[in-house]
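Asks: sharing a model prediction with you, sequence too.
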Amino acid sequence: MMASKNNHQAFKASDELQRDYEELLLRMAFARIQEEKTAKLEDEIALQQDTPSAMDDELASMRPKVLRTISNAILQANVKTFATRTLPKAARLAAACLLIFFIGLTTAIATIPSVRVKVLELVYSMEKEYTQITLQEASEALFDVPAEWQGAYYPSQIPEIFLLENIDTGPGVFSAEYRDSTRTKVLVFSEQGEDSVARVDTVNADVEYTFIHGSLALVSQKSEKTTIVWQEFDQYFILTYPGEKSDAIEMAESVYRVK
């Protein structure tokens, strides 16, 4: 009886070590994928830029941050446990479609300093015997960021009728203001740090709540203007949009990390 108990404990310890080993392999795989993509970007930029050294330095400084982000995501999501234990076997094939389109770690890598960025998505594809994990460029995800923008996030979808009017930078606060050709419609996106305090006019407004990137968001509608407030880690954002709530929510969901 004692021998059986010891064998069970040894098997349990071996199983735990195997899980730890597989998770470590996942982290190493992510690191290799990101290093290969970063190296490819560096090679492309070296061919296109007359003075590539500055960009090389920037990419080199970004690499640890990107790798750290991916590593943290693996630990938090616990991909292997989710794929092999949490999802019922009967639902895995159906869930694979949802995972490919809706579950992802989005990050952005600058292709031209502070001007254009492209978004990479972490994609899980469930096979019969394993889960394949890759970083893929999101379709139609290349977008412009103003050179003066000092914040870490920016919307990738801004209606073409709006032109950039002004960018303000303060202690822990970054704001971009857009206007249409008549200068009567004003669109404002702001990124706020943890020490900043902001106010939103909700008097006589229709207030409701929704989710933006998994975070609870306040939605206020008043006088043909929609204001959305939501959080991302240690920052929060305020989007004031002169139009329909659905368009404002779509724009809020297009906000990506660019630094």
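Replies: Sure thing, it's come through. Numbering: from 1, shown residues only.
Asks: what pLDDT does residue 157 get?
Replies: Confidence at residue 157, expressed as pLDDT, is 90.
Asks: need the contact list for it.
Replies: When contacts are counted by Cβ atoms under 8 Å, 6 or more residues apart in numbering, residue 157 is found next to 143, 250, 251, 254. All C-beta atoms are positioned from the backbone trio N, CA, C, and that covers glycine.
Asks: how about a cut-off of 6 Å?
Replies: 251, 254 (Cβ atoms under 6 Å, 6 or more residues apart in numbering).
Asks: could you tell me whether it really is in a strand?
Replies: No. Assessed by DSSP: H, G, I helix; E, B strand; the rest coil, residue 157 does not belong to a strand; its assignment is coil.
Asks: for residue 182, see how far away it is.
Replies: With distances taken as Cβ to Cβ, to the nearest Å, residue 157 is found 21 Å from residue 182.
Asks: then residue 153?
Replies: Distance from residue 153 to residue 182, by Cβ to Cβ: 28 Å.
Asks: higher neighbour count, these two?
Replies: Using other Cβ atoms under 10 Å as the criterion, residue 153 and residue 182 rank with residue 153 on top: 19 against 7.
Asks: phi, psi for residue 145 please.
Replies: Phi and psi for residue 145, reported as degrees, to the nearest 10, are phi -130, psi 130.
Asks: you'd agree it is up against residue 154?
Replies: Yes. In this structure, residue 145 is within contact of residue 154 by Cβ atoms under 6 Å, at 4.9 Å.
Asks: common neighbours of those two, please.
Replies: residue 258.
Asks: send the alpha carbons of stretch 227-245 over as CSV?
Replies: Taking C-alpha atoms only, stretch 227-245 is exported to CSV below (Å, rounded to 0.1, in the frame of the first residue of the first chain):
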residue,chain,number,x,y,z
THR,A,227,-18.0,60.0,-25.0
ILE,A,228,-16.4,56.7,-24.1
VAL,A,229,-14.1,56.1,-21.1
TRP,A,230,-12.2,52.8,-20.6
GLN,A,231,-9.0,51.4,-19.1
GLU,A,232,-6.0,49.5,-20.4
PHE,A,233,-3.5,48.4,-17.7
ASP,A,234,-2.3,51.6,-15.9
GLN,A,235,-3.8,54.0,-18.4
TYR,A,236,-7.3,55.1,-19.2
PHE,A,237,-8.7,56.7,-22.4
ILE,A,238,-11.4,59.2,-23.2
LEU,A,239,-12.8,59.3,-26.7
THR,A,240,-15.2,62.1,-27.6
TYR,A,241,-16.9,61.4,-30.9
PRO,A,242,-19.4,63.8,-32.7
GLY,A,243,-21.6,61.0,-34.0
GLU,A,244,-23.3,57.7,-33.5
LYS,A,245,-22.6,55.5,-30.5
